[in-house]
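whatever this is, show me its structure:
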Amino acid sequence: MPDPNGLGTAPAADAALLKGRYRLLDIVGEGGMAVVWRAEDTELSRTVAVKVLRDQFARDPEFLDRFRSEARAAAGLNDPGVVSVYDVGEDGGRHFLVMEYVAGSDLKDVIRAEAPLPAHRVVEIGARIARAVAAAHAQGLVHRDIKPQNVLVAPDGRMKVADFGIARAVSAAGLTAPGIVMGTVHYVAPEQAVGQPATLASDVYSIGVVLYEMLAGKVPFEADSSLGVAMKIMGEDPAPLSEVNPRAPEVLVRIVERAMSRDPASRYQDAGALADALEQYGRWSAQQTAPLATAAAPAVAPDPGATRTIARPAFPAGARTVPPAKPVGARPRAPLLDWKGLALAVAAALALGGLIPLWLGIIGRIGGEPEVYGNGLPSLPGFAARPSPTPGPTATPTQVWVRVPGVVGQDQVAAERAIQSAGLAASEEPVVEEGVPLGQIVRQQPEEGTEVLEATVVKLYVSAQGSVVVPQPGPDYSSTELALQQAGLVAKYLEEWTGSDATRGRILRLNPPPGLSLPLGGTVNVHVDGGTWYGLGVTFDDGVYLSGGSLPATAAVAGGSLSFTPLWEAVGQVSRDYGVRAIVTDGSGFGAVHGEVRQPLSADRPSSSWTIGEQVRGAPLTLAVDPATPPGAYVLWLEVFVNGAEDEKLTVAGLPTRRVVDTLVEVSDITITAP
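Now for the predicted structure:
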């Protein structure tokens, strides 16, 4: 049969055995860069996917070097949402990548068949994609070609992002390179379209396009050619989602719009931040689908000219309300949030211990610069006040007058019950009142004893305690943490690996940024430069995972030193306290040791105290190289042992991504030179 690789006739039976191991069975996908085969790994008796590069790429030495490098980096990814890379190699001029085989279809097929997808499903799928890409971003790996075709969907609903090993190498070929299939360009960020290097924020833009397509049923930009699409990406805004799909929730629309901002600095700066936004919105929006004990008022479009408050009318069964008149000829606009959802959001937030943190979390993740009340508390962008109704004209015989109960001093939940039991509705506004506990009613309007019509809204002013302003960061983490502590805020350390040890410890940014108001005791994410990054991706027994680390140099002089700082992760509950041993040996792993050092996995606390999913920066491993070491090629290894019982060592679990000799794991080749 013809070989889609452009290598003549596809070999049959055992002749199709790549590297004497992978038997090609049938073609499951084709792209401009490669052909994907379903294959059998004859050594491990498992089904795999083998991606074979097309001729024009396989003949380019520079491309192949990048391809191999990125494939090895992708092999270090160990995330359930990422297609695992098992092997990379060449056989008879055919260059290939061996990956996990995922049966089923891809997200593009789902979109073609079902779009526009319901908002809750878009959030679920988008959060999974973003979380998977975040695993790569955490290791400094940019995908560069995120699109629905690279999101594989298994029959049981599991989704995995593919092609981390090929995207960066291919990006250097450019948008107009031969074989780049038309359609890929629809998902590239504006900076990629003009030939600039892709960044973490570029991947965020591409995920935003996928979200847009799921909600709209079409990509945001279409033209007769790839160049035409690229021109639109660089110079135009897409059709507003609120017009393309009026059912799309406005808060979700804002998340997509921020992800797709043409300015990279205005987007979520990495996929993890976008995943956080989607997941938080998903939790919040799920509340509005929960059943209410009472009927909600009809959803009303916000009045942009009114004072901004957070209103929550939750009318009792049978209550009657009249929506405000809409100007003749006004364009109908989908409500930002229906009042039922807003009611549940506010009630749940206060029941859990505070009104403001929930809104602030949504504000920060959506990315709006919140407007601020005169008392210093932020309001959710886009929410307008719904003025409290005042008693109307004399009641008709069918209307009922009720007396407003007094709820000042009560907590939020009890106050709402009392208001609703009287046949009235409640709205809330946060206020700062010194000495009043969080969530307690400070005052109410109308006041206690006032007679009003049934279903009138009683405004409750709820104590939100104090708010503080995020300060400017200091030059390093310690000074920044001190500034935040003095402001009454909590610092959360987030390390990003930029590739330069010279800038290690530099503050990259704060989130929320300086100048934004937060509740007293709020958390600020401090993004710190972690220096160079060396990806490994090795899973040990007992839930210990070596993600990679900082390796500033792979060469040293005899009598000098080498330094490696590992980044660990608890992928399961770590039951014991461990240390790590790093050594330099000759190439076999069994020769003489020319340098050695032992340290606990973390200098701060024992590994048995780690929580599942936690990433921990390890203690620096500085190896003094034996002065008698002759110049030549060597290997840096490490192994994990039980503290207090160094002869008891952890073995590598699963299929290793690095060379393993007994319990030693290869970190890197090392060159030793004469002094």
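
quick one: which helix or strand includes the most centrally placed residue in the chain?
Closest residue to the average C-alpha location of the chain: G272 at 2.2 Å, with CA atoms, centre = their mean. Element membership for G272, per DSSP states H and E: helix 271-287.

elements contacting that helix?
helix 119-137, helix 200-216, helix 250-259, helix 339-351, helix 355-366 (3 or more CB pairs under 8 Å, 6 or more residues apart in numbering; DSSP states H and E). Every residue, glycine included, has its C-beta placed from N, CA and C.

let's see it at 10 Å
Using 3 or more CB pairs under 10 Å, 6 or more residues apart in numbering; DSSP states H and E, the elements in contact with helix 271-287 are helix 119-137, helix 200-216, helix 250-259, helix 339-351, helix 355-366, strand 523-529.

from the chain's centroid, how far away is the longest one?
Read it as helix 119-137. Distance, stretch centre to chain centre, for helix 119-137: 7 Å (CA atoms, centre = their mean, to the nearest Å).

could you point out which element follows it?
Note on helix 119-137: by DSSP H and E, the next helix or strand toward the C-terminus is strand 151-153.

what's in contact with that following strand?
Strand 151-153 is contacted by residues 29, 49, 81, 83, 99-111, 125, 128-129, 132, 158-163, 207, 210 when judged by CB atoms under 10 Å, 6 or more residues apart in numbering.

so what's the gap between it and the chain middle?
17 Å.

average pLDDT across it?
The pLDDT scores in strand 151-153 average 90.

residue contacts, E648?
Contact analysis of E648 by CB under 10 Å, 6+ apart lists R576, Y578, F641, V642, T663.

check the gap between the fourth one and D541 for me.
Distance of V642 to D541, given as CB to CB, to the nearest Å: 11 Å.

find residues that contact each of the two.
Listed contacts common to V642 and D541 are K649, L650; contacts here mean CB under 10 Å, 6+ apart.

tell me the domain ranges of the protein?
Domain assignment for the chain, taken from automatic domain parsing, gives 13-100, 105-284, 534-673.

weakest of these in terms of mean pLDDT?
Checking each of the domains of the chain, the one with the poorest mean pLDDT is domain 13-100, at a mean of 79.

how far is that one from where the chain is centred?
Distance, centroid of domain 13-100 to centroid of chain: 28 Å (CA atoms, centre = their mean).

just stretch 560-569 next, same as before
Using CA atoms, centre = their mean, the offset of stretch 560-569 from its chain centre is 27 Å.

in that stretch, what's buried?
G560, L562, S563, F564, T565, P566, L567, W568, E569 (16 or more other CB atoms under 10 Å).

mind listing which of those are in strands?
L562, S563, F564, T565, P566, L567, W568, E569 (DSSP state E).

my guess is the fourth one contacts G549. True?
Yes: between T565 and G549 there is a contact under CB atoms under 10 Å: 5.2 Å.

so what sits against both of these two?
With CB under 10 Å, 6+ apart as the test, T565 and G549 both reach G530, G531, T532, Y534, R617, G618, P620, L621.

number of nearby residues for the second one?
Same thing as G531. Other residues lying near G531 total 22 when counted by other CB atoms under 10 Å.

the closest residue to it other than its chain neighbours and Q615, how far apart?
Spatial nearest neighbour of G531, excluding adjacent residues (CB to CB, 6 or more residues apart in numbering): R504 at 3.5 Å. With distances taken as CB to CB, R504 is found 17 Å from Q615.

ok, E236 next?
E236 sits 40 Å away from Q615, going by CB to CB.

between the two, which has more neighbouring residues?
Between E236 and Q615, counted using other CB under 10 Å, the more crowded position is Q615 (14 against 11).

so what's the more buried one up against?
Q615 neighbours (CB under 10 Å, 6+ apart): A138, L494, E495, Y545, S547, L567, W568, E569, A570.

6 Å instead?
Counting by CB atoms under 6 Å, 6 or more residues apart in numbering, Q615 makes contact with E569.

may I have the phi/psi pair for it?
Backbone dihedrals for Q615, given as degrees, to the nearest 10, come out at phi -100, psi 140.

if I look at it, how far off is E428?
38 Å.

quick one: the strands in the stretch 351-500 of the chain, in order.
371-372, 378-379, 401-403, 425-431, 441-445, 451-453, 457-463, 467-469, 490-496 (DSSP state E, counting those that start in this stretch).

let me see the mean pLDDT of the fourth one.
What it means is strand 425-431. 76.

and for the first one?
Model confidence over strand 371-372, given as mean pLDDT, is 32.

just give me the neighbour total for G435.
Neighbour count of G435, defined by other CB under 10 Å: 6.

residue contacts, it?
Listed by CB under 6 Å, 6+ apart, the contact set of G435 is empty.

equivalent analysis for P675, please.
So P675 contacts V557, A558, G559 (CB under 6 Å, 6+ apart).

most neighbours of all those, which one?
Going by other CB under 10 Å, A558 tops these with 17 neighbours.

surely that residue meets A628?
No: using CB atoms under 6 Å as the test, A558 is too far from A628 to be in contact (7.1 Å).

how close does A425 get to A277?
31 Å.

equivalent analysis for P155, please.
From P155 over to A277 (counting by CB to CB), the distance is 29 Å.

A71 too?
For A71 relative to A277 (CB to CB), the value is 31 Å.

now do W533
25 Å.

so the two - more neighbours on which side?
Each of W533 and A277 has its neighbours counted (other CB under 10 Å); A277 has more, 27 against 21.

that one reaches V256, doesn't it?
No: the pair A277 / V256 is not scored as a contact, 10.1 Å apart, by CB under 6 Å.

residues near I612, how many?
Counted with other CB under 10 Å, the neighbours of I612 add up to 11.

host element of it?
Going by DSSP H and E, I612 is not part of any helix or strand.

please name the nearest non-neighbouring residue to it.
A570 (5.4 Å).

so how far is E481 from that neighbour?
Distance, A570 to E481, by CB to CB: 23 Å.

and W568, by the same measure?
Computed as CB to CB, the W568 to E481 distance reads 22 Å.

V524 now?
According to CB to CB, V524 and E481 sit 10 Å apart.

isn't G537 up against V82?
No: if you go by CB under 6 Å, G537 and V82 don't touch, sitting 10.4 Å apart.

pull the number of nearby residues for the residue nearest to S463 when sequence neighbours are not counted.
Closest residue to S463 in three dimensions, ignoring its sequence neighbours and counting by CB to CB, 6+ apart: V436, at 4.1 Å. The local packing of V436 (other CB under 10 Å) involves 17 other residues.
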